[in-house]
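Undergrad: Mind looking at a prediction? Sequence and model below.
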Amino acid sequence: MNDFMYFAPTKVVFGKGVENKAGEVASSYGKKALLVYGKGSVVKSGLLDRVKKSLDEAGVAYEEFGGAKPNPTLAHAEEGVKKAVDFGAEMVIGIGGGSAIDTAKAIAHGAANPDEKLWDLWTKKVPLTKSLVVGAVLTMPAAGSEMSDSAVLTNEEIGKKAGINTDFNRCHFAIMNPELGSTLPKYQLAAGITDIMMHTMERYFIPGIKCDMTDEIAEGLIRCVINNGKKVLENPSDYDAMAEIFWASSLSHNNLTECGRGKDFSVHKLGHALSAKYDVTHGASLASVWGAWAKDLYKEALTRFVKFANKVWNIEGDDEETALMGIEKTVEFIKSIGMPTTLNDLGVEISDEDLKALSLDATMNDTVKLTRIRPLDAEAVYKIYKDALLS
């Protein structure tokens, strides 16, 4: 087991109707909040009004900032920064899924550093040394942004999607009512289930490190998501199953499943390049390339893929056939919940030149090699993309 530092400071308020406690929770962090949300579902459902009523009762003033996009953009976040600064916000609360929460994080960073360009902070050209308080009212289990140290923005001007990892991304509080997931479109819920699995698997397959406790957590989390994912897609009103998915979303990406092993977000790099260029749903972008990625790399991490097949899918054996069966079962599950398992399934036209451009984007113009399994340069990434297209 490698050395590690685990830091998970988020106060989690979990259960039925807990959005009505938003004001009580937020009031201990400040008295002026910018409320960030997406395209209006939180308005139509009445959630925003419930949160606002709770804030009013707790004496927390607020301004609204809607319009967060499924793939959060730099330009929109910059608008939010200006609004937060003008209002004198002491905290930023994302109401929605990962997109709203990531946008809230970006606004918090920019508002705390108004003299710096947000993209310079995001790309670490300028060090991020302070931020505002960030809170979350979660409506969708997927990105895990409510407890993670990461956030992602797309700079549409240059066609680049980039993430930043910092403890300033850690939400001070996260309010989670699994009932709110019952009205999600099934495609979005399936994309969220996929993202939760990917967050866990991106940490799991790194070879050569013994971490039995971390492995047990990761394997159990994936089994839980597979079992309960099917249930919530069949019946989104199944509160117990939805609660398991909500909690798995948080645990999959708060660094718990990487303790002693670390992480390898190479599939996310491939997915980010796809969603930046084609604006496809994040979970779908990951699902479309995972099978090709796994088949390309499993031999160099054979014991990990075999263990995955054993513990997650109950496939007996200790050889390549077992590893491949585990990969196929995973791809079959992803397909069974309505997610794409090839690039062709994304429904966009992708030329060979596009694949080469995507490979350069994923590897930062071939200056970064991906994965801790076997280093992947742009040419190797191009092969995975091509395999994903033809699968």
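TA: Sure, I can see it.
Undergrad: Identify each buried residue in the lowest-mean-pLDDT helix or strand in the chain, please.
TA: Comparing every helix and strand of the chain by mean pLDDT, DSSP states H and E singles out strand 160-165 as the least confident one, with a mean of 90. Using 16 or more other C-beta atoms under 10 Å as the test for burial, strand 160-165 gives 160-162, 164. Heads up, the C-betas are built off the backbone N, CA and C, glycines and all.
Undergrad: next one: stretch 271-282
TA: Of the residues in stretch 271-282, 271-278, 280-282 count as buried by neighbour count, 16+ other C-beta under 10 Å.
Undergrad: just stretch 51-66 next, same as before
TA: For stretch 51-66, the neighbour count (16+ other C-beta under 10 Å) marks 51-52, 54-55, 58, 60, 62, 65-66 as buried.
Undergrad: just checking, which of those residues belong to helices?
TA: 51-52, 54-55, 58 (DSSP state H).
Undergrad: Geometric centre of the chain: which residue is closest?
TA: Centroid-nearest residue in the chain: residue 143, 2.6 Å away (criterion: C-alpha atoms, centre = their mean).
Undergrad: Please report how far it lies from residue 249.
TA: 7 Å (C-beta to C-beta, to the nearest Å).
Undergrad: any residues in contact with both of those two?
TA: 192, 195 (C-beta atoms under 8 Å, 6 or more residues apart in numbering).
Undergrad: Closest one of the buried residues of stretch 51-66 to residue 82?
TA: residue 65 (9.9 Å; C-beta to C-beta).
Undergrad: Tell me what that closest one is bridged to.
TA: residue 36 (DSSP bridges).
Undergrad: Just list what the helix or strand encompassing residue 221 packs against, helices and strands only.
TA: Per DSSP states H and E, residue 221 falls inside helix 212-234. Counting contacts by 3 or more C-beta pairs under 8 Å, 6 or more residues apart in numbering; DSSP states H and E, helix 212-234 packs against helix 186-204, helix 239-252, helix 302-313.
Undergrad: who wins for proximity to residue 92 among those helices?
TA: Taking C-beta to C-beta, helix 239-252 is the member of these nearest to residue 92, at 19.0 Å.
Undergrad: Residue 12 belongs to a strand?
TA: Yes: under DSSP: H, G, I helix; E, B strand; the rest coil, residue 12 sits within a strand.
Undergrad: Surely it and residue 147 touch.
TA: Yes: with contact defined as C-beta atoms under 8 Å, residue 12 counts as touching residue 147 (7.4 Å).
Undergrad: Can you check what angle separates the strand or helix carrying residue 289 from helix 302-313?
TA: Secondary structure assignment for residue 289, by DSSP H and E: helix 282-297. Interaxial angle of helix 282-297 relative to helix 302-313 (axes from the mean of the first three to the mean of the last three C-alpha atoms, to 10 degrees): 130 degrees.
Undergrad: tell me the average confidence for helix 282-297?
TA: Mean pLDDT, helix 282-297: 97.
Undergrad: cool, and stretch 312-322?
TA: Rounded mean pLDDT across stretch 312-322 is 95.
Undergrad: so where's this structure shaky on pLDDT?
TA: 391 (pLDDT under 70).
Undergrad: OK, contacts around the residue nearest to residue 97 when sequence neighbours are not counted?
TA: Counting by C-beta to C-beta, 6 or more residues apart in numbering, residue 97 lies nearest to residue 140, which is 3.4 Å off, once chain neighbours are set aside. Residue 140 makes contact with 96-98, 180-181, 184, 188-189, 192 under the criterion C-beta under 8 Å, 6+ apart.
Undergrad: Residue 140 belongs to a helix, doesn't it?
TA: No: under the criterion used here (three-state DSSP), residue 140 is coil, not part of a helix.
Undergrad: Phi first, then psi, for it.
TA: When read as degrees, to the nearest 10, the backbone of residue 140 gives phi -140, psi 130.
Undergrad: neighbours around residue 321, how many?
TA: Neighbours of residue 321 under the rule other C-beta atoms under 10 Å: 12.
Undergrad: Ok, residue 364 next?
TA: Residue 364, neighbours per other C-beta under 10 Å, totals 14.
Undergrad: Can you name the residues that contact residue 95?
TA: Applying C-beta under 8 Å, 6+ apart, the residues near residue 95 are 35-37, 42, 47-48, 51, 136-137, 139.
Undergrad: do the same with residue 59
TA: Shown in contact with residue 59 (C-beta under 8 Å, 6+ apart): 23, 27, 31.
Undergrad: I'd guessed the second one sits against residue 58; true?
TA: It refers to residue 27. Yes: contact criterion C-beta under 8 Å: residue 27 and residue 58 qualify, at 4.2 Å.
Undergrad: Could you say which of the helices and strands packed on helix 212-234 is packed most deeply?
TA: Of all these, helix 186-204 has the most neighbours on average by mean count of other C-beta atoms under 10 Å, namely a mean of 24.
Undergrad: In PDB, list the C-alpha atoms belonging to it.
TA: The C-alpha trace of helix 186-204 is given here as PDB (Å, rounded to 0.1, in the frame of the first residue of the first chain):
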ATOM      1  CA  LYS A 186     -33.600   7.600 -17.600                       C
ATOM      2  CA  TYR A 187     -30.800   8.500 -20.000                       C
ATOM      3  CA  GLN A 188     -29.300  11.000 -17.600                       C
ATOM      4  CA  LEU A 189     -29.700   8.500 -14.700                       C
ATOM      5  CA  ALA A 190     -27.900   5.800 -16.700                       C
ATOM      6  CA  ALA A 191     -25.100   8.300 -17.600                       C
ATOM      7  CA  GLY A 192     -24.800   9.000 -13.900                       C
ATOM      8  CA  ILE A 193     -24.600   5.300 -13.000                       C
ATOM      9  CA  THR A 194     -21.900   4.900 -15.600                       C
ATOM     10  CA  ASP A 195     -19.900   7.900 -14.300                       C
ATOM     11  CA  ILE A 196     -20.000   6.500 -10.800                       C
ATOM     12  CA  MET A 197     -18.600   3.200 -12.000                       C
ATOM     13  CA  MET A 198     -15.900   4.900 -14.000                       C
ATOM     14  CA  HIS A 199     -14.800   7.000 -11.100                       C
ATOM     15  CA  THR A 200     -14.200   3.800  -9.200                       C
ATOM     16  CA  MET A 201     -12.700   1.700 -12.000                       C
ATOM     17  CA  GLU A 202     -10.300   4.600 -12.900                       C
ATOM     18  CA  ARG A 203      -8.700   4.000  -9.600                       C
ATOM     19  CA  TYR A 204      -9.000   0.200  -9.400                       C
END
